[in-house]
Structure formats: structure tokens, C-alpha cells
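Enquirer: When you get a sec, could you give me coordinates for this:
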Amino acid sequence: MTKASIVVPAFNVSSTIARTLTSLLNQEFADFEIVIVDDGCIDDTLDVVAPFRADPRVRVVAQPNRGLAGARNTGIASAKGDYIGFCDADDLWLPSKLGAHVAHLDANPHIGVSFSGSELIDENDVRLATKQTPQLTDITAADILRRNPIGNGSAPVIRRAVFDDIAFVTSADTDRASFFDETFRQSEDIECWMRIALMTDWGFEGVAGHLTQYRICDGALSSATDRQLASWERMITKLEPMAPTFFATHAPAARAYQYRYLCRRAISNADAPAARSYLTASLRASVAPILHEPVKSIVTFAATGVLSALGQNRFRQAIGTLKSRAHSA
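Expert: Residues are numbered from 1 along each chain as shown. A predicted model of the protein is given here:
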């Protein structure tokens with residue numbers, strides 16, 4: 001029996017998947033398999049993958065395009081490991097990551113979802129200044145809704161038993177179990193984490209370190225703030241009937257955090273009108289982010305003001321100058 005499976009959803013990722021697979025095969029913990037889910041690739045991804053298949057730990061499962069959630073579902077169904085991790089085909093794992101999560105889960109049978117912090121990298125694998133340094137312990141469903149400490153889909157390693165507990169069958173797909181909701185093209189991660197938190201007794205806990213390298217690319221799905229917001233709100237609408245009192249209590253603060261996050265994404269995109277709109281919406285939803293994270297909130301206010309004052313071009317020039325000085329320092 002394989003101890004761990006790493007599921008790699010792959011759709012037209014020929015430019016990055018070799019680096020991803022290399023990082024996974026370099027794991028210090030050796031008892032694992034890699035399940036690459038060919039999600040209907042139409043580029044040369046499979047040609048890039050071909051040399052890696054000489055390693056007996058690597059196998060490919062093919063399917064028509066179903067999207068990221070569908071690829072993860074297929075990977076989970078095909079996985080042989082007791083523990084299942086995910087690494088998107090443009091992200092990287094540090095060599096110690098899998099071993100840290102396996103040791104964590106082995107030592108804590110009540111923990112269902114183990115995760116780590118993440119470094120952000122660019123298209124060329126260069127580390128960016130920003131890191132995801134999440135809360136690691138004493139995590140509640142409210143924490144997940146407000147701040148999603150897992151951070152991204154390449155951060156967690158999860159017990160197979162957790163997925164068994166949340167499996168469901170849809171009327172449109174009665175011949176296979178689902179774990180992630182395939183009707184979501186964004187927010188499918190947090191929608192799944194919230195169902196685990198609300199429907200099961202499994203714990204969430206992180207391990208120390210930034211063990212995932214999460215890629216940020218210009219034009220990526222994560223930069224489409226309007227779609228992100230719509231998907232997040234749809235997640236709330238779907239899950240609210242499951243725990244109406246919980247959502248009535250915690251959704252306003254969570255919405256304020258979400259708007260502040262989208263404001264910061266808009267600032268990164270140098271979109272002043274969107275940044276101002278999201279910042280205003282955050283303040284109207286709740287003052288929780290200001291009370292609990294005043295420094296981050298003040299920085300967000302200030303950056304929004306600077307962007308509005310300078311305009312898009314001058315703001316980008318200023319940021320470029322700061323980055324150049326930081327690299328040369």
C-alpha cells in the first residue's frame with residue numbers, strides 16, 4: 001500500500017509541469033505516487049510528461065476536460081495512498097514538504113487536513129516578497145471562512161478518510177463520487193474545506209514553514225477579481241442552508257476580509273476604481289479586519305490612496321522602481 005498520493009491536475013501546462021514533477025520526485029519522503037490527471041490536454045503537455053513516466057511512481061489518468069475540481073476528483077478516485085496531497089501543475093513543493101505532512105498526520109490521528117505556509121513565485125520561479133504565513137493551530141470553521149488558512153490548493157495533504165466522509169454523487173454524474181464541487185471553477189477549494197469543517201469532526205492544522213511555492217502569473221485566474229467575488233458569494237449561498245446560524249454570525253466579517261483581499265488584488269493589478277470599490281464594500285460589511293489586523297488594513301488603505309493619486313501608469317512605475325531597488329539591495 002502506498003503511503004501517500006500526490007494528485008497533479010494538468011490542462012495545457014507544458015511550460016511548467018516538468019518543474020512541478022521534478023520538485024515532487026525530489027521529495028525526501030520516498031513512499032508516494034504521483035497521479036497526473038490529463039484533463040483533456042490539447043498542447044504538448046503529455047510529451048513533456050513522457051520521460052517522467054519511466055519512474056514507477058508516476059502514472060497518468062486521462063479524461064475529457066472537467067476543470068480543476070473534476071481533475072482533483074478523478075485523482076482522488078485513482079489514488080492508492082492513505083494520504084492525498086495536491087500540487088497544481090505550475091506550483092512546486094520543497095523537498096521536505098511531504099515528509100512533514102506524513103509525520104504530522106501519523107502523529108495526530110484527529111487531524112484530517114494538514115497544510116503549510118507558501119512562498120509566492122513568478123513565472124521564472126523567482127521568489128516574490130509576499131508569503132502566505134497562515135494560522136496553524138486552533139482552527140475553527142469561522143477561521144476557514146474568514147481567512148482560509150490553507151491558502152491555496154497546492155498546500156494541503158489530506159487523509160483519504162476525510163474524502164470518504166464528504167463524498168457525494170450528483171444527479172448528472174451517478175457513476176462516480178465527487179469530493180470537490182465540479183460546478184465551481186473558482187472557490188472550489190474553500191467550498192470543500194468548509195464542507196469538511198461543517199460536516200465532519202476532522203481537525204485542520206498546519207506545519208511550520210513555507211513548504212509550497214505558489215505561482216502567481218499575470219492574467220491568471222486568480223487575478224480576475226470579479227469572478228472571484230461571484231464564486232465566493234455562490235459558495236456562501238450554497239452552504240448557508242447547511243448551517244444558517246453559523247453563516248448569519250460569521251459571514252459579514254468573512255465578507256469584509258474577502259473584499260479587503262480583492263482590494264489588494266486590484267491594487268496589484270493597478271486598478272484604482274476596483275480597489276476603491278472593494279475597500280468601501282469591506283468597510284460596509286464589517287470592521288473586523290480593522291480590529292483584528294489593523295496594520296494590514298492601514299497598508300491597504302494607504303496603497304489604495306497612493307494608487308488613486310498617482311494613476312495606473314505612475315503607480316506601476318513606482319512599484320517597478322521599488323522592486324528594482326529591492327533586488328539590487
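
Enquirer: Please, which helix or strand holds Asp38?
Expert: Using DSSP states H and E, Asp38 sits within strand 32-39.

Enquirer: So in that sheet, which strands flank that strand, and in what orientation?
Expert: Strand 32-39 pairs in its sheet with strand 4-10 (parallel), strand 58-63 (parallel), by DSSP bridges.

Enquirer: Cys217 versus the nearest residue to Ala270 once chain neighbours are set aside, what's the distance?
Expert: Excluding the flanking residues, the one nearest Ala270 by CB to CB, 6 or more residues apart in numbering is Gln312, at 4.5 Å. From N, CA and C alone the C-beta is placed, and that goes for glycine too. Taking CB to CB, to the nearest Å as the measure, Gln312 falls 20 Å from Cys217.

Enquirer: ditto for Asn12
Expert: On the measure of CB to CB, Asn12 and Cys217 end up 13 Å apart.

Enquirer: same question, Ala243
Expert: 35 Å.

Enquirer: Glu28 looks like it's in a strand, true?
Expert: No. Judged by DSSP: H, G, I helix; E, B strand; the rest coil, Glu28 forms no part of a strand; its state is coil.

Enquirer: Pretty sure it sits against Gly99.
Expert: Yes. Taking contacts as CB atoms under 8 Å, Glu28 lies within contact range of Gly99: 5.1 Å.

Enquirer: In terms of neighbours, single out the busier of those two.
Expert: Gly99 (17 against 11; other CB atoms under 10 Å).

Enquirer: Look up the closest residue to that one, ignoring the ones flanking it.
Expert: The nearest residue in space to Gly99 (CB to CB, 6+ apart) is Phe29, at 3.5 Å.

Enquirer: Now do the same contact list for the one you found.
Expert: The contact partners of Phe29, by CB atoms under 8 Å, 6 or more residues apart in numbering, come to 3-4, 98-99, 102.

Enquirer: Make a markdown table out of the strands paired with strand 32-39 and add mean neighbour count.
Expert: Output for the strands paired with strand 32-39, formatted as a markdown table (neighbours: other CB atoms under 10 Å):
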| stretch | mean neighbour count |
| --- | --- |
| strand 4-10 | 26 |
| strand 58-63 | 16 |
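
Enquirer: closest to Pro252 out of these?
Expert: strand 4-10 (33.4 Å; CB to CB).

Enquirer: what's in contact with the closest one?
Expert: 17, 20-21, 24, 29, 31-39, 41, 45, 49, 68, 71-72, 75-76, 79-89, 93, 98, 101-102, 157.

Enquirer: Using PDB, write down the CA coordinates of that strand.
Expert: Provided in PDB are the C-alpha atoms of strand 4-10 (Å, rounded to 0.1, in the frame of the first residue of the first chain):
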ATOM      1  CA  ALA A   4       0.800   9.000   0.000                       C
ATOM      2  CA  SER A   5      -0.500  10.000  -3.400                       C
ATOM      3  CA  ILE A   6       0.100  13.400  -4.900                       C
ATOM      4  CA  VAL A   7      -2.500  14.500  -7.400                       C
ATOM      5  CA  VAL A   8      -1.400  16.800 -10.200                       C
ATOM      6  CA  PRO A   9      -4.200  18.200 -12.400                       C
ATOM      7  CA  ALA A  10      -2.900  19.000 -15.800                       C
END
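
Enquirer: Identify each buried residue in the next helix or strand after that strand, please.
Expert: As assigned by DSSP H and E, the chain's next helix or strand after strand 4-10 is helix 17-25. Residues 17-21, 23-25 are the ones in helix 17-25 that count as buried (16 or more other CB atoms under 10 Å).

Enquirer: just those residues now: which is nearest Glu205?
Expert: Leu24 (22.6 Å).

Enquirer: From Ala309, how far off is that closest one?
Expert: Distance from Leu24 to Ala309, by CB to CB: 45 Å.
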